[in-house]
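Chemist: Below are the sequence and a predicted model; questions follow.
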Number of protein chains: 4
Amino acid sequence: MKAGIIGATGYAGGELVRILLQHPEAEIKWYGSRSYIDQKYASVYGNMFELVEDVCRGDDLAALAKEVDVIFTATPQGFLSGVLTEEILSGTKVVDLSADYRIKDVATYEKWYGITHQSPQLIKEAVYGLCEINREDVKKARLVANPGCYTTCSILTAYPLVKEGLIDTDTLIIDAKSGTSGAGRGAKVNNLYCEVNENIKAYGVATHRHTPEIEEQLGYAAGKEVVLNFTPHLVPMNRGILVTEYAKLNKKADGTLPSYEEIKAVYDTYYKEEKFVRVLEKDVCPETKWVEGSNYVDVNFKIDERTGRIIMMGALDNMVKGAAGQAVQNMNLLFGLKEDTGLNLVPMFP
Amino acid sequence: MKAGIIGATGYAGGELVRILLQHPEAEIKWYGSRSYIDQKYASVYGNMFELVEDVCRGDDLAALAKEVDVIFTATPQGFLSGVLTEEILSGTKVVDLSADYRIKDVATYEKWYGITHQSPQLIKEAVYGLCEINREDVKKARLVANPGCYTTCSILTAYPLVKEGLIDTDTLIIDAKSGTSGAGRGAKVNNLYCEVNENIKAYGVATHRHTPEIEEQLGYAAGKEVVLNFTPHLVPMNRGILVTEYAKLNKKADGTLPSYEEIKAVYDTYYKEEKFVRVLEKDVCPETKWVEGSNYVDVNFKIDERTGRIIMMGALDNMVKGAAGQAVQNMNLLFGLKEDTGLNLVPMFP
Amino acid sequence: MKAGIIGATGYAGGELVRILLQHPEAEIKWYGSRSYIDQKYASVYGNMFELVEDVCRGDDLAALAKEVDVIFTATPQGFLSGVLTEEILSGTKVVDLSADYRIKDVATYEKWYGITHQSPQLIKEAVYGLCEINREDVKKARLVANPGCYTTCSILTAYPLVKEGLIDTDTLIIDAKSGTSGAGRGAKVNNLYCEVNENIKAYGVATHRHTPEIEEQLGYAAGKEVVLNFTPHLVPMNRGILVTEYAKLNKKADGTLPSYEEIKAVYDTYYKEEKFVRVLEKDVCPETKWVEGSNYVDVNFKIDERTGRIIMMGALDNMVKGAAGQAVQNMNLLFGLKEDTGLNLVPMFP
Amino acid sequence: MKAGIIGATGYAGGELVRILLQHPEAEIKWYGSRSYIDQKYASVYGNMFELVEDVCRGDDLAALAKEVDVIFTATPQGFLSGVLTEEILSGTKVVDLSADYRIKDVATYEKWYGITHQSPQLIKEAVYGLCEINREDVKKARLVANPGCYTTCSILTAYPLVKEGLIDTDTLIIDAKSGTSGAGRGAKVNNLYCEVNENIKAYGVATHRHTPEIEEQLGYAAGKEVVLNFTPHLVPMNRGILVTEYAKLNKKADGTLPSYEEIKAVYDTYYKEEKFVRVLEKDVCPETKWVEGSNYVDVNFKIDERTGRIIMMGALDNMVKGAAGQAVQNMNLLFGLKEDTGLNLVPMFP
């Protein structure tokens, strides 16, 4: 399978390269990077020295489409929607790591992103590529909207309980913490080592763009509109997202709260057969380090009898399951490969 | 003023030394440390080389009381309550950095800490040393229960709104993040560099001991029982606590939410004259790095019209305002000094 | 191939598990850990949840030898030499990650390690498993002494120039910097997060145990005794070793220094065919991050005309090429597998 | 004393503000920052909220000179030499934190910095502000060239032995390690969190600009030309410089090496009365963390009988003794204040 990447020199693009190089069925034919065009890819990412001999190429999607079977776009918001055409899609599969086709309602997209969508006619056919939920639709897709890092973690952590109506989604609050690679490789003062190190802060409070994406997907699960609080924080580490989610448990018919065993059984029903979702043992809290470098999402929960709330927790590597790993998982589905092909990455510790 | 420290070689004890050495009215006469008895204090903390020539002494509180005007106990839970007597208190002031006298209800203390309290008769007179709230009582006290690090941050961040009845305390959720110095200097695998670095996790979910302390104090402010969720997280940094607190805003008589300006005015009423509480400018999120090494608490908030919630944020240095700095602030009050004496520490960046 | 690990819950043991799980020809049959005996391995290393179902077993080498084809010992100094026997070696291959069989001269070993060697009769047959240098001997061995992390990096960085007589080994100085995983997983105050973070220091100055190992191996290359300075430093990061080595360049017959091109040609002669040694391009300094998670050693050099010295630099991942990766490379050689089997690990960035 | 700062929003400038705010005799009248002109200083450095109310002003040195007693320039190389005049110096003292007046030989400056010096006539009168060595000259100066961070540490660590002729300066090698604040606050990809974190590398090998500055000053001490190797490394931490220096010890008349006690006595002779230089106890290696936030330099040494070399080590906080602290120490000398005024900063740990 021949693959091309637009945005190969960003962090997510670099991670795609790392994973695809270890993928037995894929070969990268196009390392697209407008900023580093004609430079050796390995001169941008020294870890790829002697592993990648190619030089960077541009972002001509139409030209790229003629050379490859699948295109990954790890590009700024608005890029793909400005250049994607029916013609490209008719010959090539596209997995988009940007947000351009994630949100079905154009107005919502345009409001939260502040961008006019250039190809709204393609939104409808795009499949939201959260494999554990939309697996069958992905298999038939031409255009996959690869989910956001925060959203993948936020949704999978709460999904079974939302789907089964076990929590009151009006009370759902998501407090998320992310490593700094999520901020990208742009040269900004805010992302300098000395500004991030030994520091933690919230950002995008009540305004972060992943909010409507989480709300839309959990809304499908709930069968009704979901409006929630989502607060991301920047953590001094390279990789990893942890979400801590709070919601009121719905009481059972007899007025009592569900037990640990009852909730655990629900999670197991949804995730027992899911290789990349690990429901941890009782009282074990997910740690981002335990999933580093891998495609796993670790989830668990704790019931607080005192407040009647459940605290749900989830952890993933934002570069893998939160971006490039999930993109490759989607690629495997698109081409009928075993879903975990090239993704049997054992988490690295320490 | 002559001061003695029991537990001088823990991190909080070390910070007391750092601050008292720069205090114009205090002199440390006793560096208590059972583990390092008879060893030079500066051989335990190399930063104190040539600054402290003393050797460590034991934890004989009665003997210490005869030598000093004020005793700081930075000791494990249960130590002070086991040795404190009326006789000691009749001659010396005590500022206790442990939790022994923080909680008025003995049963609550014993339940959350799993310890039988040895001197419950002294709990009543102990003053909870959150200076901004209990200033006048501290001035008259003999025994000050210095608040916990998480609690100081959690309480001060929400206090004005709770006190004024602006939020529904039944919906209050506190998601807290702490640097690793809060875990102390004990040699445990969990606190090794390689276990903490590049990692974030929750711990003590629904069971952390600071929960009842926060609930008690906010209960006084609310004038009714408060039960809430408090979830601490371990962050890969040395110092700093950040809290992110969520609650439903109570609607005004006309059914609308309070405005930014209205909420801001409430915070200003409480904190404008408080030197160590800084209410940030609109839309600026507190960062732990901005208070590092200082006695400041930075607070701010954001109203989310979509959900009707307010997100309150607070940051402090857990070693200073969260422990040793506040202890010295209490000492200043106890002895009639200017409250900020020795505490004009400018935060260090980066 | 059936493999057993003694010391599977140390950091090097954990890395062996990570690598062997991804090795197509190996299967781990024995997770030895005296400290965690009968506990689930995945309860010690959460990253292995659902990947390893085994419980930890003890350190009975003789019993283990009957179950497996190869034994890895990632144990404290003195353990293996105390229990290894001819009988065990007659049926099983052993790759020892400790120092017990690295040094040919027993007196030197006993002096630097302060341990009496219990099986000196086996030292002679042990092969020093620096694959790039002793490949052919390893293939025929029963007992491989896997090199130390600092030594692997130090030796490979200087080897071609020492072997070719291009530097004056009497002037050789090695200044080394290591991540903290090299200090192991023992619960010591010195290795706590707050002690290591935001800190750098030298340790073991003029006395570090890797010194005689480096001297012995470079002595073989030089054809004469080598005595040098080796100074390790502890760096606040999990993984990675960087060495900076200084030596006087021997002048050529015409009294001039060798040129960049001449030195580069020597490095290329030795390493062009070596997959795991990458000689970087001119003026590119090795970075530990570029080799993280992989079995690569990156080397380069700079000639300083002003002082007549050459500065040689090398970087590797101390857990991989510095320990477990090299051990697996040795296993591959021992069993006639392709040398890079299971070691095509692409470095992870960031 | 009225002070002005040009370059107040760089890291060194920010540290000057931190220290001067705690200085009993100084008042900052001018926060110069071309990039942030007319913006509130505290909006650039949130730690200064409520501590500094001023807005940033420009870099008009002549205008500034009329308002203050002393000017600190924490500016890029070439700035001050382009605008400094006799007229300014006749009314105001200047402490320059850039390199413009550090090197007496213009050609050397121009070669290593690649800049044409615009006011070479002022170089002669500039005093190299390494207070421990040039104290008396600083007191009489108008223009002080504040030493570089690496150079301060490198020189003070070796100075007594060079001055007393105890080491062979032809063999002197300095391997230096620095935290990332030394790289400044410029928005560069190389200094992003994810590029620096979990990484160590050398840079500027054989070409770093601090080399000639160290050589010049040690040359004065040696009474002859000194040419040496200086290799800086970038370490994942905010603050701190550690130097490890290697040299052959000169043998005594009887052919033996000097003893530990003899070398120690020399260090003590030079530094016993120096408040800001701490010669550590035997076998204690300096750690950057032990001096963080303070004006101390910690030095120590180890003799290696095997190689005949001495390993000298030194640690300082690059922002304090390596920049702003030393600048204030110079200011104190210039104005006849007690040299440690405002500099009794206790190192912060952890």
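Modeler: That came through, no problem. All figures in this text were calculated on a predicted structure; none of them were measured in a lab.
Chemist: rest of the way, CA atoms for contacts and neighbours
Modeler: Noted.
Chemist: Please name the residues that touch A:Tyr296.
Modeler: By CA atoms under 8 Å, 6 or more residues apart in numbering or on different chains, A:Tyr296 lies in contact with A:275-278, A:316-317, A:321.
Chemist: now those residues: which count as buried?
Modeler: Among those, those classed as buried by 16 or more other CA atoms under 10 Å in any protein chain shown are A:276-278, A:316-317, A:321.
Chemist: from the contacts of A:Tyr296, which is closest to C:Ala107?
Modeler: A:Asp317 (48.9 Å; CA to CA).
Chemist: for that closest one, what are its contacts?
Modeler: By CA under 8 Å, 6+ apart, the contact list for A:Asp317 reads A:239-241, A:288, A:291-297.
Chemist: if we can go back for a sec, in JSON lines: the contacts of A:Tyr296, plus secondary structure and pLDDT.
Modeler: JSON lines is the format used below for those (DSSP: H, G, I helix; E, B strand; the rest coil; pLDDT from 0 to 100):
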{"residue": "A:Lys275", "secondary structure": "coil", "pLDDT": "98"}
{"residue": "A:Phe276", "secondary structure": "coil", "pLDDT": "98"}
{"residue": "A:Val277", "secondary structure": "strand", "pLDDT": "98"}
{"residue": "A:Arg278", "secondary structure": "strand", "pLDDT": "98"}
{"residue": "A:Leu316", "secondary structure": "strand", "pLDDT": "98"}
{"residue": "A:Asp317", "secondary structure": "coil", "pLDDT": "98"}
{"residue": "A:Lys321", "secondary structure": "helix", "pLDDT": "98"}
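Chemist: Now do the helix ranked longest in chain A, average pLDDT.
Modeler: Across chain A, the longest stretch assigned as helix under DSSP state H is helix A:149-163. Helix A:149-163 shows a mean pLDDT of 98.
Chemist: distance from the centroid: which residue in chain A tops it?
Modeler: Centroid-distance maximum for chain A: A:Asp254 at 38.7 Å, with CA atoms, centre = their mean.
Chemist: Could you measure from it over to A:Ile167?
Modeler: Distance, A:Asp254 to A:Ile167, using CA to CA, to the nearest Å: 16 Å.
Chemist: Also A:Ser33?
Modeler: Applying CA to CA to A:Ser33 and A:Ile167 gives a distance of 44 Å.
Chemist: next one: A:Ser98
Modeler: Taking CA to CA as the criterion, A:Ser98 is separated from A:Ile167 by 30 Å.
Chemist: A:Ala99 contacts A:Gln77, correct?
Modeler: Yes - in this structure, A:Ala99 is within contact of A:Gln77 by CA atoms under 8 Å, at 6.1 Å.
Chemist: out of the two, which sits in the busier spot?
Modeler: Shown here are A:Ala99 and A:Gln77; by other CA atoms under 10 Å in any protein chain shown, A:Ala99 has more neighbours (24 against 17).
Chemist: what helix or strand does the more buried one sit in?
Modeler: In this structure, A:Ala99 sits in neither a helix nor a strand according to DSSP states H and E.
Chemist: Count the neighbours of A:Lys29 for me.
Modeler: Using other CA under 10 Å, A:Lys29 has 16 other residues around it.
Chemist: The helix or strand hosting it packs against which elements?
Modeler: Taking DSSP H and E as the criterion, A:Lys29 maps to strand A:27-32. For strand A:27-32, the elements it packs on are strand A:2-6, helix A:11-21, judged by 3 or more CA pairs under 8 Å, 6 or more residues apart in numbering or on different chains; DSSP states H and E.
Chemist: Pull out the buried positions in it.
Modeler: Buried residues in strand A:27-32 (16+ other CA under 10 Å): A:27-32.
Chemist: hmm, who's touching the very next helix or strand once past it?
Modeler: Proceeding C-terminally, strand A:27-32 gives way to helix A:41-44 as the next helix or strand, assigned by DSSP H and E. Residues from elsewhere that reach helix A:41-44 (CA under 8 Å, 6+ apart): A:9, A:31, A:36, A:48-56.
Chemist: Which of those residues has the largest number of neighbours?
Modeler: A:Tyr31 (28 neighbours).
Chemist: Report the contact partners of that residue.
Modeler: A:Tyr31 touches A:4-8, A:41, A:54-57, counting by CA under 8 Å, 6+ apart.
Chemist: so it bridges to which residues?
Modeler: In this structure, A:Tyr31 bridges to A:Ile5 when assessed by DSSP bridges.
Chemist: The closest residue to chain B within the stretch 1-150 of chain A: what's it in contact with?
Modeler: Closest residue of the stretch 1-150 of chain A to chain B, CA to the nearest CA: A:Trp112 (13.3 Å). Applying CA under 8 Å, 6+ apart to A:Trp112 gives the contacts A:207, A:209, A:212.
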